[in-house]
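In: here are the coordinates; sequence isn't available:
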């Protein structure tokens, strides 16, 4: 989320504890949000909910637990997707040959599948872990006009692990997985906002997955947001105090 989106949702979104605390979670997971902004957002939430500091952290702990429940439910649904089950069956022998339990590989893939929708939740400020969202993403992975030609990148890190080329704990596996997950989330966001040009940029970037280097991935995942943080300033309780600060999407950063 951008500072402007956070302010707008704070002012005009649902005002109950669950949604305001979830907004804080989304803000904390968004890039380009300064510590000062988060602190001011926390103060604004405390003011609306009439919470002291201890009460705020208790409310946030409850919000985290509720979100984790949604993640667990989404994982359970993802584990039953034939798309993931088929890959597991096809690579089971290779996994065992390289000392990896197929069930562990399935759990990792399901976690990455769900993380795509968690990333999208942060970008939109809305819960994208609902069953219909999972079904929609699964359908896109089967759609020739969607992600059918790119689904291989969802499984790419797992494929390398099954071939014994990457270990599950090494940088290449971890960062490539995060890179792919964020790109799929960017693609979904582009579709939601009817940004066809951005969607194609994302797909082109996905096709570089097999060649991209770790330093490039790290730069992509953590772009320099210093200027955005400086300009954002503290959180303000007003109509649109940060209008015009929406993050700019580009072919280089996709952020």
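Out: On my side now, so go ahead. For clarity, every value in this text was computed on a predicted model and none was experimentally measured.

In: distance between whichever strand or helix holds residue 85 and the chain's centre?
Out: Of the helices and strands defined by DSSP states H and E, residue 85 is found in helix 82-97. Per Cα atoms, centre = their mean, to the nearest Å, the displacement of helix 82-97 from the mean C-alpha position of its chain is 25 Å.

In: longest helix of the protein?
Out: Longest among the helix segments of the chain by residue count, using DSSP state H, is helix 53-79.

In: what's it packed up against?
Out: When contacts are defined as 3 or more Cβ pairs under 8 Å, 6 or more residues apart in numbering; DSSP states H and E, helix 53-79 packs onto helix 17-29, helix 35-49, helix 102-124, helix 131-140. For every residue, glycine as well, the C-beta is placed using N, CA and C.

In: buried residues in that helix?
Out: Of the residues in helix 53-79, those with enough neighbours to count as buried (16 or more other Cβ atoms under 10 Å) are 56, 59-60, 63, 67, 70-71, 74-75, 77-79.

In: can you tell me which of the helices and strands packed on helix 53-79 is nearest to residue 211?
Out: Taking Cβ to Cβ as the measure, these were each checked against residue 211, and helix 102-124 came out nearest at 20.1 Å.

In: show me what that closest one is packed against.
Out: The elements that helix 102-124 packs onto, with contact taken as 3+ Cβ pairs under 8 Å, 6+ apart, are helix 17-29, helix 53-79, helix 82-97, helix 131-140, helix 152-162, helix 171-192.

In: buried residues, that helix. List them.
Out: Judged by neighbour count (16+ other Cβ under 10 Å), helix 102-124 contains these buried residues: 102, 105-124.

In: likewise stretch 193-203?
Out: Applying a neighbour-count criterion of 16+ other Cβ under 10 Å, one finds 195, 198-199, 201-203 buried in stretch 193-203.

In: spit out the contact partners of the nearest residue to residue 49 once chain neighbours are set aside.
Out: Across the structure, with Cβ to Cβ, 6 or more residues apart in numbering as the measure, the residue nearest residue 49 apart from its sequence neighbours is residue 17 (5.7 Å). Residues touching residue 17, when contacts are defined by Cβ atoms under 8 Å, 6 or more residues apart in numbering, comprise 49, 59, 62-63.

In: cool, and residue 114?
Out: For residue 114, the contacting residues are 71, 74-75, 78, 129, 134, taking Cβ under 8 Å, 6+ apart as the criterion.

In: try 10 Å this time
Out: Applying Cβ atoms under 10 Å, 6 or more residues apart in numbering, one finds that residue 114 lies in contact with 70-79, 128-129, 134, 137, 181.

In: over to residue 29?
Out: With Cβ under 10 Å, 6+ apart as the criterion, the residues that contact residue 29 are 1, 118-119, 121-123.

In: repeat that for 7 Å
Out: Neighbour list for residue 29: residue 122 [criterion: Cβ atoms under 7 Å, 6 or more residues apart in numbering].

In: could I get the pLDDT score of it?
Out: Among the per-residue scores, residue 29 shows a pLDDT of 90.

In: burial check on residue 165, number of neighbours?
Out: Neighbourhood size, residue 165 [other Cβ atoms under 10 Å]: 12.

In: so what does it have for phi and psi?
Out: Main-chain dihedrals, residue 165, degrees, to the nearest 10: phi -90, psi -30.

In: okay, now the closest residue to residue 91 other than its chain neighbours: neighbour count?
Out: Leaving aside its sequence neighbours, residue 91 sits nearest to residue 162 (Cβ to Cβ, 6+ apart; 4.4 Å). When neighbours are counted by other Cβ under 10 Å, residue 162 registers 24.
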